[in-house]
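Colleague: compute the structure for the input listed below.
(one chain, ligands or ions: 1)
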Amino acid sequence: MAKIIGLGKYVPEKVLTNFDLEKIVDTSDEWITTRTGIKERHIAHKGVGASHLAYEASKIAFKRAGLHAGDIDLIIVATITPDTSFPSTACYLQSLLKANKAACFDVSAACAGFVYALTTGWQFIKSGLYKNVLVVGSEVLSTITDWSDRSTCVLFGDGAGAAVLTKSNKDNFLSAYLGGDGNEAELLIVPGGGSRHPASEETVKNKLHFIKMRGNELFRIAVRVMVKAAKSALAKAELGIEDVDLLIPHQANDRIISAVAERLNLPREKVYVNITRYGNMSSASSAVALCEAYEEGKIKKDSVVVLDAFGGGLVWGSIVIKWG
Ligand code: ACO
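Modeller: Got it, this is the predicted structure:
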């Protein structure tokens, strides 16, 4: 059995507002605010990797957990913007933290990455293989954003969130539900740089190293599968929607969040939203939101918290936590 004993978050200092974006592409603060709920996002400086943001978030999580990096048995980093395609970002993070005894690997599940990674960390502890696990969602999405494409560049931001998990005699994690549909891979993709289209003059010219997204189609699927994931995870935990104290949905679009909350019959005050200040940070979104909700006192002992995420793959997932 496992529990979360420390949370941390970090976003780069530099803020990019909607008004700044008005100077880069043909858009407006009014359009971005009404269509997405986003006002600003944080952007990392050139040369900063996902491991650097993860390092800052992890240091805070360790402090709160009362553990040292040397106590960690396993590091899992959820990211779609790894420092390098290999070694994994988890390896770079291990080196920065000097977490010398930790095993390291990355999880690639786009915006559902933190939910997938948290579920994985929980299972490693539950199986008895490891005692202390660090789970991080970290993204430098600004490096895969096409800053000339107004339909995507207004959506994304950079950041990281970390959770320290440890073995306990009571399980914080009540259930998880993970899903995917690889048939819809083309809806949200960075086509270039992998084995299908290795980096070349052609891939750079055709902007294949940037996020390509069919937003409209994704919107409808996101609402449907996020509702399904939350309901399925709650059913597995033998809980109803009335038992939920806080839903932490993936922060892709405030209109998606509202539609999910409405279909779940959850009042807005039970739904955590911070998209206004950060935009969509992919796997870092759920991690940062969980940390902030805790810092703001919205999660207390025995609170039932539901993380609910959706992203490129397509993938989705929900995890039910009873805070202990
Ligand atoms: N500024 C001004 N106008 C814009 C902008 C912009 N930034 N972007 C698009 N428009 C225009 C379009 O060109 C279009 O104009 P037209 O009618 O003249 O052709 C109009 O606005 C409407 O465009 P839509 O794409 O229909 O706008 P929509 O209301 O669907 O909002 C959005 C687009 C915000 C992308 C929405 O579809 C969305 O949030 N989709 C889901 C995204 C998502 O969930 N992603 C998954 C997670 S991300 C991950 O995994 C990394």
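Colleague: tell me where the chain has strands.
Modeller: 2-10, 15-17, 40-42, 74-78, 103-107, 132-140, 158-167, 173-180, 188-189, 212-213, 246-249, 304-311, 315-322 (DSSP state E).
Colleague: so what does the top helix by length along the chain touch, helix or strand wise?
Modeller: Taking DSSP state H as the assignment, the helix of the chain that covers the most residues is helix 215-236. Applying 3 or more CB pairs under 8 Å, 6 or more residues apart in numbering; DSSP states H and E, we find helix 215-236 packed against strand 173-180, helix 254-264, strand 304-311, strand 315-322. In this view, the C-beta of every residue, glycine as well, is placed from N, C-alpha and C.
Colleague: now do the third one against helix 215-236, angle only.
Modeller: I take that to be strand 304-311. 150 degrees (axes from the mean of the first three to the mean of the last three CA atoms, to 10 degrees).
Colleague: what angle separates strand 304-311 from strand 132-140?
Modeller: Using the same axes, to 10 degrees: strand 304-311 against strand 132-140 is 40 degrees.
Colleague: who does strand 304-311 pair up with?
Modeller: strand 246-249 (parallel), strand 315-322 (antiparallel) (DSSP bridges).
Colleague: the stretch 1-150 of the chain: helices as residue ranges?
Modeller: For the stretch 1-150 of the chain, the helices defined by DSSP state H, counting those that start in this stretch cover 18-22, 29-36, 50-65, 89-97, 113-126, 150-153.
Colleague: so which of those is the most surrounded?
Modeller: helix 113-126 (a mean of 26; mean count of other CB atoms under 10 Å).
Colleague: distance of Leu307 from Ala229?
Modeller: According to CB to CB, to the nearest Å, Leu307 and Ala229 sit 10 Å apart.
Colleague: joint contacts of these two?
Modeller: 317-318 (CB atoms under 8 Å, 6 or more residues apart in numbering).
Colleague: mind putting the helices and strands packed on helix 215-236 into a markdown table with mean neighbour count?
Modeller: Listed next are the helices and strands packed on helix 215-236 as a markdown table, based on neighbours: other CB atoms under 10 Å:
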| stretch | mean neighbour count |
| --- | --- |
| strand 173-180 | 20 |
| helix 254-264 | 19 |
| strand 304-311 | 27 |
| strand 315-322 | 27 |
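Colleague: and Ile189, which of those is closest to it?
Modeller: Of all those, it is strand 304-311 that lies closest to Ile189, at 11.2 Å by CB to CB.
Colleague: the closest one near the ligand at all?
Modeller: Yes: on the criterion CB under 6 Å from any ligand atom, strand 304-311 is in touch with the ligand at Gly311.
Colleague: do stretch 43-63 as well
Modeller: No: using CB under 6 Å from any ligand atom, stretch 43-63 stays clear of the ligand, with a minimum separation of 13.6 Å.
Colleague: contacts for that stretch?
Modeller: Contacts for stretch 43-63 (CB under 8 Å, 6+ apart): 6-12, 14-16, 68-69, 77, 79, 81-83, 89, 92-93, 96-97, 134, 136, 138-140, 142-143, 157-164, 284, 287, 291.
Colleague: so which of the strands paired with strand 304-311 gets nearest Cys111?
Modeller: The nearest among the strands paired with strand 304-311, by CB to CB, is strand 315-322 at 8.1 Å.
Colleague: any chance of the strands of the chain in JSON lines, plus mean pLDDT and distance to Asn274?
Modeller: Output for those, formatted as JSON lines (pLDDT from 0 to 100; distance: least, CB to CB, whole Å):
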{"stretch": "strand 2-10", "mean pLDDT": "97", "distance to Asn274": "10"}
{"stretch": "strand 15-17", "mean pLDDT": "98", "distance to Asn274": "14"}
{"stretch": "strand 40-42", "mean pLDDT": "98", "distance to Asn274": "11"}
{"stretch": "strand 74-78", "mean pLDDT": "98", "distance to Asn274": "18"}
{"stretch": "strand 103-107", "mean pLDDT": "98", "distance to Asn274": "22"}
{"stretch": "strand 132-140", "mean pLDDT": "98", "distance to Asn274": "14"}
{"stretch": "strand 158-167", "mean pLDDT": "98", "distance to Asn274": "10"}
{"stretch": "strand 173-180", "mean pLDDT": "98", "distance to Asn274": "23"}
{"stretch": "strand 188-189", "mean pLDDT": "98", "distance to Asn274": "21"}
{"stretch": "strand 212-213", "mean pLDDT": "97", "distance to Asn274": "21"}
{"stretch": "strand 246-249", "mean pLDDT": "98", "distance to Asn274": "9"}
{"stretch": "strand 304-311", "mean pLDDT": "98", "distance to Asn274": "14"}
{"stretch": "strand 315-322", "mean pLDDT": "98", "distance to Asn274": "18"}
